[in-house]
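Student: Mind looking at a prediction? Sequence and model below.
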Amino acid sequence: MDTMVRPVEEADVFGKDLGLVHEVVVTGKKAGATRYFYSKLAHNQSLFSRTIEFVMNGGFEPSTSQKRARAIMSTNMFGIEEAIKYFGVKPSKRQRTALSGIPFTGEVLRSCADTHVLVAVFPLSLLYIRAKVKHELFCDHGDAWYNNQAFAHDKGEIGWQLVRKTPVADSLAKIWDEQQALLDKEESTPTAQVMIYTIIGHYLATGERLFENVYVRCS
């Protein structure tokens, strides 16, 4: 009789992880999950995918405001889900509440959909972000000139930001005051923390490099 050999990955699932599967079933039963529940998951891949996403996001469910913003901004949105996935953020209840509403109108978002990234900024310093991502995403590490600078340790403030994907038009090769004069009254120059957070986060989520061949000033 032939011996059936399972792949290592499958053997692991049915072997050492069998106890974990049993725990899931037992906990699910206590929570009210019936055979019908597991049958729906088993036969509906889309539902299973959404369930996995919900669990992997730590039980986070986007608000109506966030869903509307996502529909407008598409990949030009680095939201709470992305912060959880790429920066290892574990949002507190207070943080989720602070970010529950998008502080920009639909009209503003539509006007910025191709030119800006809508970012859910968490209080993460430049040095923290550097430690969380691949080594090659920062050109310097142990001997970086900014390691002991205050801005590298600044965690910033939680909130939504609309960050330009390109420099302000006609702003290069100008002094600070001349550049500031080009900003609209609703605009301000972002901090280094916000820019690093946006550039690295957007790249990890989309593969698009922002400000790849140009230097711009931060506040």
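Tutor: Now that the structure is in, tell me what you want to look at.

Student: show me what contacts Ala169?
Tutor: Shown here is Ala169, whose contacts under the criterion CB atoms under 8 Å, 6 or more residues apart in numbering are Leu182. All C-beta atoms are positioned from the backbone trio N, CA, C, and that covers glycine.

Student: Give me the pLDDT value at it.
Tutor: With respect to pLDDT, Ala169 has a value of 93.

Student: and it, what element?
Tutor: When secondary structure is defined by DSSP states H and E, Ala169 falls outside every helix and strand.

Student: Extract the residue ranges of this structure that are flagged as low pLDDT.
Tutor: Scanning the chain with the threshold set as pLDDT under 70 gives 1-33, 35-38, 40-42, 45-60.

Student: could you point out the longest helix in it?
Tutor: helix 192-206 (DSSP state H).

Student: Quick check: buried residues in that helix?
Tutor: Burial within helix 192-206, assessed by neighbour count using 16 or more other CB atoms under 10 Å, is assigned to 192-205.

Student: need the helices for this structure, in chain order.
Tutor: Listed from the start of the chain, the chain has helices (DSSP H) covering 8-14, 18-30, 35-43, 45-56, 64-73, 80-87, 93-98, 106-112, 126-132, 150-153, 176-180, 192-206.

Student: picking that back up, format the buried residues of helix 192-206 as TSV; extra columns: distance to Gln66.
Tutor: Output for the buried residues of helix 192-206, formatted as TSV (distance: CB to CB, whole Å):
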residue	distance to Gln66
Ala192	26
Gln193	22
Val194	19
Met195	22
Ile196	23
Tyr197	18
Thr198	17
Ile199	22
Ile200	21
Gly201	16
His202	17
Tyr203	22
Leu204	19
Ala205	15
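
Student: Specify which member of those residues is nearest to Lys174.
Tutor: Ranked by distance to Lys174 (CB to CB), those are led by Met195 at 18.2 Å.
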